[in-house]
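Colleague: got a sequence here, can you model it:
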Amino acid sequence: MYERVNERVSVVAIFRDTTPIFEPVKFKWKGRERIVQKVGYVYKYKEGQALVHVVSVTDGESFYELLFDSQKLTWTIGRMAVNDSS
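Modeller: Residues are numbered from 1 along each chain as shown. Predicted coordinates for the structure are as follows:
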């Protein structure tokens, strides 16, 4: 089950010429660097004047929704879920 986090996070992302969206490669949260193993769904929505990009990722242990605010140029973990399949 997902739980709300809403905490700022540092993200390294790349832009590929084959996709129209950036791709998070790794992020640092609570002093720990997490390597993105897979990107899931991607969508965007308007919040006031800002366009917010939502990218679902996993580091192999947990699932995260990373939110990029295009007006503030900030990344946030919106919510996360721990992988219970182990």
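Colleague: for this structure, what spans make up the strands?
Modeller: 3-8, 10-15, 22-29, 32-35, 38-47, 50-58, 62-69, 74-82 (DSSP state E).
Colleague: would you reformat those strands as CSV and include mean pLDDT and mean neighbour count?
Modeller: Placement of C-beta: from N, CA and C, glycine included. Formatted as CSV, the strands of the chain follow (pLDDT from 0 to 100; neighbours: other C-beta atoms under 10 Å):
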stretch, mean pLDDT, mean neighbour count
strand 3-8, 95, 10
strand 10-15, 94, 14
strand 22-29, 93, 16
strand 32-35, 97, 13
strand 38-47, 94, 12
strand 50-58, 95, 18
strand 62-69, 96, 19
strand 74-82, 94, 17
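Colleague: and the most centrally placed residue in the chain, bridged to which residues?
Modeller: Nearest to the mean C-alpha position of the chain, by C-alpha atoms, centre = their mean, lies residue 66 at 2.0 Å. Using DSSP bridges, the beta-bridge partners of residue 66 come out as residue 55, residue 77.
Colleague: so what's it up against?
Modeller: For residue 66, the contacting residues are 9, 11, 24, 27, 54, 55, 56, 57, 75, 76, 77, 78, by C-beta atoms under 8 Å, 6 or more residues apart in numbering.
Colleague: what sits against the nearest residue to residue 44 once chain neighbours are set aside?
Modeller: Leaving aside its sequence neighbours, residue 44 sits nearest to residue 53 (C-beta to C-beta, 6 or more residues apart in numbering; 4.8 Å). Contacts for residue 53 (C-beta under 8 Å, 6+ apart) come out as 21, 22, 42, 43, 44, 67, 68, 70.
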